[in-house]
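> here is a sequence together with a model predicted from it:
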Amino acid sequence: MAPLIPSIQTCLDQPQATTVVIIGAGIIGLTAALVLAERGIPVVVLEKGRIAGEQSSRNQGWIRKMNRSAPDVPLAQASDRLWADLPARVGAEVGYCPCGILYVASSDSEMATYQGWLDSVGDLELDSRLVTATHIQNLAPGGTGTWAGGLYTPSDGRAEPTLAASAIARAAMAKGAVIVEHCAVRTLSLSAGKVSGVVTERGEIRCEQVLLAGGVWSRRFLGNQGIDLPTLPLVASILRTAPLQGPGEITVGAPDCSFRKRRDGGYTISHRGVLAAPLTLDSLLLGLRYLPVLRGQWKNIRLSVGRELLGDLALGRRWQAKQLSPFERVRTLDPPADPQVNAEALRNLAAAWPVFKGAVVKQAWSGMLDVTPDSLPVIGPVAEVPGLTLATGFSGHGFGTAPAAGQLAADLVCASEPIVDPAPYRLDRF
Ligand SMILES: Cc1cc2nc3c(=O)[nH]c(=O)nc-3n(C[C@H](O)[C@H](O)[C@H](O)COP(=O)(O)OP(=O)(O)OC[C@H]3O[C@@H](n4cnc5c(N)ncnc54)[C@H](O)[C@@H]3O)c2cc1C
């Protein structure tokens, strides 16, 4: 069962017109809405299910600059500053804590990879550094693993996904944003080739700009508009434990397990090394484009051939504004957690940090990631459709960068100076 976010009273009726419509009330759409509302721009967020019902409530809550590709680091650095200010800005606790993130390596070749990453970001003023096995004992006490060393970033951290999404939603509404749940957007309305509104399951809303922040659904939505956005779905399973006296505040990723402390005193745990790849039509259409990124990662990808393919085909790829859309058929994507993967994660973790042998599992869930061929999101306009901007494809690491990514999307929508250079995120790079 997925984590629940605190219930929020959203708007029951959709307005007939606004300036900006945002499709998707995940953390990206919500953050963009907050920024637009703070700037006094009328904005309506439309969510087919519940606020943050998909990835944005299901993630692990890691906020990291470490091991991001160099072009993505400035967005993460800008986000750190925004995370630190967020509680004051939204008037609520979001669980932000710069507790440090440590990756431990079991081989010299992994250490060489970490050194290669450090070299690639050498001019970006990060506090990341290599650490020895002795340092690891001090940073995450109680471990019995034999590590070749690790990569450590003291300023990386965590926040609580469910708290953050609901706090941002409330603050956006307090500043004038309208959020409507259970309201799927079927298609765009176009006039002379430009965006003039959206057609929802409850009728049309006229607007000047649309920001698509639809997570794994963005590819399908755009496909229906004749626009190709390459993303493949991958499923990650995780679990949380009851409170326990673990290895402190630090967040740790090992090759085959990971943990981060939660605000309630428990730990969120994942395998880290394993992702499920459900076979869908897109796997066949896009698979080859992922070969470079998947090289060397095959052991981590578990291809699943089953109901997903039929479900995917049944949802359909083309529909009209008058027809029921795939977004009404699946209100909240809720793939089952893989008990085997979670059990493996806990076993591996208990072998490395024996304190987890006594962990009591309270909840397990999974979520579907929207992964692009280069693992960078797409944040920027769609040249073929003036008035349409994308903020999507966050590839499994968009929670940490959400504050700056949402702001960048809002900057691009209202043509103000972008918080960071948007060039790495252009759609036309594919
Ligand atoms: C298990 C797991 C662990 C993760 N761990 C981390 C982590 O530790 N750190 C990190 O940085 N990132 C992590 N991530 C990734 C992170 O959660 C995502 O990158 C981020 O939440 C993406 O936010 P989003 O708003 O783009 O997407 P989502 O949260 O998926 O939101 C998209 C929303 O759009 C709605 N929608 C789509 N189409 C329509 C439509 N046509 N009409 C109306 N509504 C629509 C959907 O219902 C959904 O609510 C993890 C993800 C998962 C699943």
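Nice, I can see it. All figures in this text were calculated on a predicted structure; none of them were measured in a lab.

> the ligand contacts on the stretch 201-350 of the chain?
Proximity of the stretch 201-350 of the chain to the ligand, by C-beta under 6 Å from any ligand atom, involves residues 213-215, 217, 221, 236, 238, 327. For every residue, glycine as well, the C-beta is placed using N, CA and C.

> what about 8 Å?
Residues of the stretch 201-350 of the chain lying close to the ligand by C-beta under 8 Å from any ligand atom are 212-218, 220-221, 235-238, 260, 270, 325, 327, 331-333.

> quick one: residues contacting the residue nearest to Cys183 when sequence neighbours are not counted.
Among residues not flanking Cys183 along the chain, Leu46 sits closest, at 4.9 Å (C-beta to C-beta, 6 or more residues apart in numbering). The neighbours of Leu46, taking C-beta atoms under 8 Å, 6 or more residues apart in numbering as the test, are 14, 21-25, 180, 183-185, 198, 200, 205.

> contact partners for the residue nearest to Gly387 when sequence neighbours are not counted?
Spatial nearest neighbour of Gly387, chain neighbours left out: Val195 (2.9 Å); criterion: C-beta to C-beta, 6+ apart. Contacts for Val195 (C-beta under 8 Å, 6+ apart) come out as 188-189, 207-210, 385-388.

> does Ser106 touch Trp147 like I think?
Yes - counting by C-beta atoms under 8 Å, Ser106 does reach Trp147; the two are 6.3 Å apart.

> which of the contacts of Leu46 has the most neighbours?
Ile22 (37 neighbours; other C-beta atoms under 10 Å).

> what segments of the stretch 101-250 of the chain are helices?
For the stretch 101-250 of the chain, applying DSSP state H, counting those that start in this stretch gives helices covering 108-120, 133-139, 161-174, 218-224.

> select, out of the ones you listed, the one closest to Val274.
helix 108-120 (16.6 Å; C-beta to C-beta).

> just checking, what packs against that closest one?
Packing partners of helix 108-120 (3 or more C-beta pairs under 8 Å, 6 or more residues apart in numbering; DSSP states H and E): strand 101-105, strand 129-131, strand 149-153.

> just the buried residues of the shortest one, please?
Counting neighbours by 16 or more other C-beta atoms under 10 Å, one finds that the buried residues in strand 129-131 are Val131.

> other SSEs contacting it?
helix 108-120, strand 149-153.

> compare the ones you listed and give me the one nearest Pro141.
Closest among those, once you apply C-beta to C-beta, is strand 149-153, at 14.0 Å.

> tell me the pLDDT of the nearest residue in space to Val21 that is not next to it in sequence.
Nearest residue to Val21 in three dimensions, chain neighbours excluded: Cys207, at 4.5 Å (C-beta to C-beta, 6+ apart). Cys207 carries a pLDDT value of 98.

> isn't Cys207 right up against Val44?
Yes - using C-beta under 8 Å, Cys207 is in contact with Val44, at 7.4 Å.

> now the common contact residues for these two.
With C-beta under 8 Å, 6+ apart as the test, Cys207 and Val44 both reach 18, 20-21.

> re the thing from before, just the buried ones from the residues of the stretch 201-350 of the chain next to the ligand?
For those, a burial check counting by 16+ other C-beta under 10 Å picks out 212-218, 220-221, 235-238, 260, 270, 325, 327, 331, 333.

> among those, which are in strands?
In strands, judged by DSSP state E, the following of those are found: 212, 235-238, 260, 270.

> of those, which is the nearest to the ligand?
Proximity of these to the ligand (C-beta to the nearest ligand atom) peaks at Ala236, which lies at 3.8 Å.

> who's more crowded, Ser106 and Trp147?
The neighbour comparison of Ser106 against Trp147 (other C-beta under 10 Å) goes to Trp147, with 23 against 16.

> what's opposite the closest residue to Asp282 other than its chain neighbours in the beta bridge?
Nearest residue to Asp282 in three dimensions, chain neighbours excluded: Leu232, at 5.8 Å (C-beta to C-beta, 6+ apart). Here Leu232 sits in beta bridges with Val371, as judged by DSSP bridges.
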